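J.: build me a model from this:
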Amino acid sequence: MSGVEPDKLRKKINDCKQTGKLNLSYMDLPELSPSLVQQIKNQVPQIAELDLRSNVLTSLPDDLAELKSIKAVRLNYNKFTTFPSVLALLPRLVTLEMPGNQMTSLDDSIGKMPVIKDLDFSGNQLASLNPKIAALNTLTTLNLENNQLTSLPEEIGHMRNISKLDLSTNQLYNLPNSLGKLQTLQKIDVSANKLSMVPPSMGHLK
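T.: Numbering: from 1, shown residues only. Below you'll find the predicted structure:
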C-alpha cells in the first residue's frame, strides 16, 4: 500500500507528467513505500522534483535511488531523526530541504552528493556538523539556523563555492578561523548565538 488514495495518486502522477513535480505534501504519509517509488519510476521516469513536505516520514526506501532524474527533494516538517543516506545516491540532486525535522547528527553520506547546491537543515536538533559536509564542492547555500550547534569543524573553511551560510540561533561559543578562507562567501548570519568574538580572519565578511 502506498498510503495514498488511488484516485488522488493518479491525479498527482498525471500532474507530474506535465510539470515534472510530484506533490505528495500534507498527506500524513507515515512512509514512502517501495511500491509507490516503483509506480513513480514506471509512470514518470523523468520526475524532477519530489515534494513530501508535512508528512510523518521517518525514513526513505532504498528504491528511491532509482529515481535518478530527481533534482529537488522537499522533506520539510517530517519526523526524520537521521539523515536519509539514500539521498546521496541521487546523482542530479541540486536542492534538498529538510527544515523542521528532528535530526541530531549527519552521517558521512552527507559529503557524497555530487551536484548539490542548496541545503536547508534549519529547525532540527543538530548538535554537531559532520566535517564531511565540506566535501560538497558545488554547495552554494547552507542553512543551519535554529539547531543546537556548539562548534563547527575547521573543515568548513574548505567549502569552495559557498555564498550564503546561516548559522543563526544556535549555541556557538566560537567560530573556526578557517571561515575566513571562504572566498566565495557573500553573506553569513551568526546572530543569536553565544559568541564573544569573531575571528579576525572574518573581517572582510558581511
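
J.: which residues touch the residue lying closest to residue 194 once chain neighbours are set aside?
T.: Leaving aside its sequence neighbours, residue 194 sits nearest to residue 173 (C-beta to C-beta, 6 or more residues apart in numbering; 5.0 Å). C-beta: built from backbone N, CA, C; applies to glycine. By C-beta atoms under 8 Å, 6 or more residues apart in numbering, the contact list for residue 173 reads 150-151, 193-196.

J.: state the three-state secondary structure for residue 183.
T.: What DSSP: H, G, I helix; E, B strand; the rest coil gives for residue 183 is coil.

J.: got a PyMOL select line for the buried ones in the contacts of residue 173?
T.: In PyMOL, this line selects whichever of the contacts of residue 173 come out buried by 16 or more other C-beta atoms under 10 Å:
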select buried, resi 193
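
J.: just for this protein, where's the confidence low?
T.: Along the chain, segments meeting pLDDT under 70 span 1-2, 203-206.

J.: quick one: the helices in it?
T.: For the chain, the helices defined by DSSP state H cover 6-19, 34-43.

J.: so which of these is the most surrounded?
T.: Greatest average neighbour count among the helices of the chain goes to helix 34-43 (a mean of 16), per mean count of other C-beta atoms under 10 Å.

J.: got a list of contacts for it?
T.: Contacts of helix 34-43 from elsewhere in the structure, counted by C-beta under 8 Å, 6+ apart, are 1-4, 9, 13, 16-17, 22, 47, 61-64, 66-67.

J.: this completes my enquiry, with thanks.
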